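Asker: Okay, sequence plus prediction incoming.
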Amino acid sequence: MAQSRAARLVPVVDMAEKAEKAAVQRLGYFQGQVKVAESKLADLHAFRLDYSQQWIVRGSTGVSGQWLLGFQGFLAQLDTAVDQQRQSLVWHQNNLDKAREAWQQAFARVEGLRKLVQRYRDEAQRLEDKREQKLLDELSQRLPRHDPY
């Protein structure tokens, strides 16, 4: 009976393993999205720094008001892009955190089911061992005894 309980759980374990595998894939996907968002943010910061350096170079030789307005306008656009990318990074990190939590839950479920199946198998083995021992004991009781004396 205990063995059949373990056998009945095999499809449940299989489904849980598939769900855990899908959770791992989602986790990997969101890890990749975070890396991309971090890279884009770093690129924007680097570009903004390079663009700001132009102020130092051009400002030392003198600039027109129109150039300064264009510079400040573009710098404001870069700041907006940096803020948007930072928000995107936070969004992706939140998704990653949720995916990690979902994977941890799926993993715990699979491990719990595996332990339950193993417990059922161990129980079935103990019952089978007892049954065999009882059978051997009964057989040994039925055998005629040969007294060597």
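Answerer: Now that the structure is in, tell me what you want to look at.

Asker: in what helix or strand does residue 144 lie?
Answerer: If you go by DSSP states H and E, residue 144 is not part of any helix or strand.

Asker: and it, how many neighbours?
Answerer: When neighbours are counted by other C-beta atoms under 10 Å, residue 144 registers 5. In this view, the C-beta of every residue, glycine as well, is placed from N, C-alpha and C.

Asker: quick one, phi/psi of it?
Answerer: Backbone torsions of residue 144, given as degrees, to the nearest 10, read phi -70, psi 150.

Asker: average pLDDT across stretch 56-67?
Answerer: Here stretch 56-67 scores 80 as its mean pLDDT.

Asker: So what does the closest residue in space to residue 54 that isn't next to it in sequence look like in phi/psi?
Answerer: Leaving aside its chain neighbours, residue 54 sits nearest to residue 71 (7.3 Å; criterion: C-beta to C-beta, 6 or more residues apart in numbering). Residue 71 has phi and psi values of phi -60, psi -50 when expressed as degrees, to the nearest 10.

Asker: Kindly report the same for residue 143.
Answerer: Backbone torsions of residue 143, given as degrees, to the nearest 10, read phi -70, psi 140.

Asker: Can you show me the helices along this structure?
Answerer: Assigned by DSSP state H, the chain shows helices spanning 2-61, 65-142.

Asker: got JSON lines for the ones you listed, with mean neighbour count too?
Answerer: Below are the helices of the chain laid out as JSON lines (neighbours: other C-beta atoms under 10 Å):
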{"stretch": "helix 2-61", "mean neighbour count": "14"}
{"stretch": "helix 65-142", "mean neighbour count": "13"}
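
Asker: related to what we said a few turns ago, tell me the contacts of the residue nearest to residue 54?
Answerer: By C-beta atoms under 8 Å, 6 or more residues apart in numbering, the residues touching residue 71 are 54, 55, 58, 63.

Asker: Of the residues you listed, just say which sits nearest to residue 16.
Answerer: Using C-beta to C-beta, residue 54 is the member of those that lies nearest residue 16, at 57.5 Å.

Asker: Having no further points to raise, I will conclude here.
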